[in-house]
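> Here is my input; please provide its structure:
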Amino acid sequence: MSMSPNPSNGNGNLRQFFRRGHRWLGVFVAVFVLLLALTGIALNHAVGLKLDQRHVSWPWLLDMYGIRMPEPTTSFVDGSIRATQVGDRLFINARDTGQAVDGLSGIVALDPLLLVADARTALVFTTGGERVEAFDLGSKLQGPIVRVGRNGGRAAILSDGELYLSDPEVTVFERATATAPADVHWSTESALSVDDIAALEAAYRGQGIALERVLLDLHSGRIFGATGTLFMDIVAVGLILLGLSGLDLFRRRNRRESVGRSRNRNR
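Purely as a prediction, here's the structure:
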């Protein structure tokens, strides 16, 4: 007797494949559906929850957003006041002044004022770090500012071997003819301690990332860059497949039940 293949076995295997695929796809997608639901609900109530006013400053999260402090370039100390260049930003006692500098040359304390200079600009601050004045001396000097110091109660700067002194109120600089550079107490570079670097890094990174932005990026996958966005697209495709496979299984089940009821009536 010859045996012929049973077509019902193929259909059974196909149904089993669909069921298993539907089940595992559901497990995979469920985690991300939960994530999308939770972040979506939070974002719908962003104003009430004040998500734009809440910040997170976890180091690993800030690293993911690329908020990393570059290596400090130079740092000078005069008494208890420290000026440090980080990237192109000037920090005074680990406080971001919001001032860009190019080649920090030194700092000098002239209570109640501070003078900080880079290659061509002399910046006057209060001891609290608030900027008072900025002097662009590039057109007046023969070269870049290479040193900053103090002579009595006056600020001193050295450029191309020439000495310039300020008036007592630090409102103007004039070339000094009666004072030699050797008579000036010059600012010198100072190494940063571990605590100094930690304080600078905290100030550089600021208060962190707004929670609303984190949730938006988590919802869209952008928090993980282009890869995260692509992955969330794959999850969306998984949801579509899950829906289609669910509808197909529902259709097949209804058809089987309909056939079964029809057979029962014909008996």
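> Okay, buried residues for stretch 132-142 please.
By neighbour count with 16 or more other Cβ atoms under 10 Å, stretch 132-142 contains the buried residues Phe135, Leu137, Leu141. No exception for glycine: its C-beta is placed from N, CA and C like everyone else's.
> Closest one of these to Ser166?
Phe135 (8.9 Å; Cβ to Cβ).
> Look at the closest one and give its secondary structure.
strand (DSSP: H, G, I helix; E, B strand; the rest coil).
> for it, what are its contacts?
Thr121, Ala122, Leu123, Val124, Phe173 (Cβ atoms under 8 Å, 6 or more residues apart in numbering).
> Could you work out the most separated pair of those?
Farthest pair in the contacts of Phe135, by Cβ to Cβ: Leu123 and Phe173, 12.6 Å.
> May I see the contacts of Phe135 organised as a markdown table, with distance to Arg251, secondary structure and neighbour count added?
Converted to a markdown table, these look like this (distance: Cβ to Cβ, whole Å; DSSP: H, G, I helix; E, B strand; the rest coil; neighbours: other Cβ atoms under 10 Å):
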| residue | distance to Arg251 | secondary structure | neighbour count |
| --- | --- | --- | --- |
| Thr121 | 76 | strand | 19 |
| Ala122 | 80 | strand | 22 |
| Leu123 | 75 | strand | 21 |
| Val124 | 79 | strand | 20 |
| Phe173 | 87 | strand | 21 |
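> okay, those in JSON lines with pLDDT and distance to Arg150 next?
Putting these into JSON lines (pLDDT from 0 to 100; distance: Cβ to Cβ, whole Å) gives the following:
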{"residue": "Thr121", "pLDDT": "91", "distance to Arg150": "18"}
{"residue": "Ala122", "pLDDT": "91", "distance to Arg150": "13"}
{"residue": "Leu123", "pLDDT": "92", "distance to Arg150": "15"}
{"residue": "Val124", "pLDDT": "92", "distance to Arg150": "14"}
{"residue": "Phe173", "pLDDT": "88", "distance to Arg150": "13"}
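> Let me see the ranges of the helices in this protein.
Using DSSP state H, the helices of the chain run over 7-44, 46-49, 59-64, 194-205, 211-220, 225-266.
> bridging residues for Ala122?
For Ala122, the beta-bridge partners under DSSP bridges are Ala117, Phe135.
> do Ser159 as well
Ile145, Glu162.
> Starting from Ala236, give me the distance back to it.
62 Å (Cβ to Cβ, to the nearest Å).
> what about the two, which has more around it?
Ser159 (23 against 14; other Cβ atoms under 10 Å).
> ok, that one - contacts?
Contacts of Ser159 by Cβ under 8 Å, 6+ apart are Leu137, Leu141, Gln142, Gly143, Pro144, Ile145, Val146.
> Distance to Leu61 and pLDDT added to these, as TSV?
Putting these into TSV (distance: Cβ to Cβ, whole Å; pLDDT from 0 to 100) gives the following:
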residue	distance to Leu61	pLDDT
Leu137	42	85
Leu141	45	83
Gln142	49	81
Gly143	45	87
Pro144	40	91
Ile145	40	91
Val146	41	91
